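K.L.:
Mind looking at a prediction? Sequence and model below.
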Amino acid sequence: MVKKGRVFSGARPTGRQHLGNYFGAISNYVALQEEYDCVYCIVDLHALTTLESTRDLRKNTLEMAWDWLAAGIDPVKSIVFVQSMVRQITELHTILSMVTPLGKLTDLPTFKEKVRENPHNINYGLVGYPVLMSADIVLYKSNFVPVGIDQSPHIEFARETVRSFNFRYNTNALIEPQAKFTSFPKIMGIDGVNKMSKSLNNDIEIAATPEETTKLVMQMVTDPQRQRRSDPGNPDVCNVFSLHKIFTSPEQVASINSECRRAGIGCVDCKKMLAANMNDYFTPLRARRMEFQKDPDVTWDMLRDGAKRASVIAETTMVEVRKAIDLP
RNA sequence: AGGCCAGUAGCUCAAUUUGGCAGAGUGCCUGUCUCCAAAACAGGAGGUUGCGAGUUCGAUUCUUGCCUGGCCUGCCA
């Protein structure tokens, strides 16, 4: 089968993944595998820019890999690996940093945001984050990078870096990637206010047990106006309802919509249905994950195998890059 | 390399003046109330005060060495 080109995506090893990760990225990764050559990378070096301790780094890498594999990211169809396993990334990062004006880096919104979040640890690597990201993309000769609209400055940065390199060394060794925008449903946390996020502690892990899932769903914030069971509710402002749209059949969604508005069902009823549907949805994924969890070495071997395949592409790129620069 | 400032609960910071039981706000957990949640109220957990040494009856506080971060100066390239 002829594929439409190569897709690259990297994600920091944040451990067990939640609903936001799943519907924002993972399920898209799975879908893209059919039509594209996909390279999916757990970017542990990127994580070092903001990590104060690496104690949990391996564990978080493994936990995320398990969620990816269980979700259907196929290590045979796609190349799945850990960033640091392919050493060429650091070489290309260094080389690309030499064609990068510092001002471009400090102007990026993400950098300013990180500075605000973490003002006591502004390290060199953090500033160069987009350079490393660009290196990731071009090292594997990627054509497309699936991103949300908020990431478009970074892809534009990568494109400029490629043009800058190719022009300076009079080559076409590096391929200019394109952003591949996908509209993801925005998953709100159980607080109903913020985007679902591990650090805000408002997330539901896809691999949580049915009991944990149900407990968290029952804790979700609902329409604050609906105080009593007999009050009519407004699904339009209720985060439980927005999750129903993802996990629940259209018929049942329609029924919940109208029953909530006429106080035919209460929030407890509504949440119980959601938890049940959510657990049904993730049952096969959780079963597959359990299999992987039995032997971590199997997963590490898969990742190392992915790294081996990635290295072949990486070295091809680096041979061209070194030649263009005329490095010995 | 030198000078100055800072480091206290997950986070933001008090307490240091004049050494005397290490606190508040916020977040987190529990309870009451709610169909659930929210809000409100009540309760609870959370600390090697960056690390070590010294002075002292007693050190978050004073002295000193080190670590980390920030600002300034110098030096090398």
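P.N.:
Received, thanks. Numbers count the residues shown, from 1 in each chain, chains lettered A, B, ... in the order given.

K.L.:
Please count neighbours and contacts with C-alpha atoms only from this point.
P.N.:
Noted.

K.L.:
Which SSE is immediately downstream of the helix or strand hosting A:Thr283?
P.N.:
Counting by DSSP states H and E, the element that carries A:Thr283 is helix A:267-293. Next helix or strand after helix A:267-293 toward the C-terminus (DSSP H and E): helix A:296-325.

K.L.:
right, and A:Asp67 touches A:Gln17 too?
P.N.:
Yes: contact criterion C-alpha atoms under 8 Å: A:Asp67 and A:Gln17 qualify, at 6.5 Å.

K.L.:
who's in contact with the closest residue to A:Met220 other than its chain neighbours?
P.N.:
With sequence-adjacent residues excluded and distances taken as C-alpha to C-alpha, 6 or more residues apart in numbering, A:Met220 is closest to A:Ile190, at 4.6 Å. Contacts for A:Ile190 (C-alpha atoms under 8 Å, 6 or more residues apart in numbering) come out as A:196, A:202-204, A:216-217, A:219-221, A:239.

K.L.:
in stretch A:200-218, what counts as buried?
P.N.:
A:202-208, A:210, A:213-214, A:216-218 (16 or more other C-alpha atoms under 10 Å).

K.L.:
do stretch A:39-59 as well
P.N.:
Buried residues in stretch A:39-59, defined by neighbour count with 16+ other C-alpha under 10 Å: A:39-47, A:49, A:57.

K.L.:
same question, stretch A:220-229
P.N.:
A:220-223, A:226.

K.L.:
and for A:Asp67 and A:Gln17, which residues touch both?
P.N.:
With C-alpha under 8 Å, 6+ apart as the test, A:Asp67 and A:Gln17 both reach A:206-207.

K.L.:
Just confirm A:Asn170 is within a helix.
P.N.:
No: under DSSP: H, G, I helix; E, B strand; the rest coil, A:Asn170 sits outside any helix and is assigned coil.

K.L.:
For the spatially closest residue to it that is not a sequence neighbour, which residues are in contact?
P.N.:
Excluding its sequence neighbours, the residue lying closest to A:Asn170 (C-alpha to C-alpha, 6+ apart) is A:Ala324, at 7.3 Å. For A:Ala324, the contact set (C-alpha under 8 Å, 6+ apart) comprises A:169-171, A:173.

K.L.:
Now flag whichever of these is closest to RNA strand B.
P.N.:
The closest of those to RNA strand B turns out to be A:Tyr169 (C-alpha to the nearest atom of the strand; 24.1 Å).

K.L.:
Per-residue pLDDT of A:Tyr22, please?
P.N.:
If you check A:Tyr22, the pLDDT there is 96.

K.L.:
Can you tell me which residues in the stretch 101-250 of chain A are near RNA strand B?
P.N.:
For the stretch 101-250 of chain A, the residues in contact with RNA strand B (C-alpha under 7 Å from any atom of the strand) are A:120-123, A:191, A:218-231, A:233.

K.L.:
same thing but 6 Å
P.N.:
With C-alpha under 6 Å from any atom of the strand as the criterion, the stretch 101-250 of chain A comes near RNA strand B at residues A:120-122, A:218-224, A:226-229.

K.L.:
For those residues, work out which two are farthest apart.
P.N.:
Spatial extent of these (C-alpha to C-alpha) is set by the pair A:Ile122 and A:Arg229 at 51.0 Å.

K.L.:
Out of the contacts of A:Ala324, which end up buried?
P.N.:
Among these, those scoring as buried are A:Ala173 (criterion: 16+ other C-alpha under 10 Å).

K.L.:
Only the buried residues of the helix holding A:Thr283, if you could.
P.N.:
Buried residues in helix A:267-293 (16+ other C-alpha under 10 Å): A:267, A:270-271, A:273-279, A:282-283, A:285-286, A:288-289, A:292.

K.L.:
repeat for stretch A:98-108
P.N.:
Using 16+ other C-alpha under 10 Å as the test for burial, stretch A:98-108 gives A:99-100, A:105.
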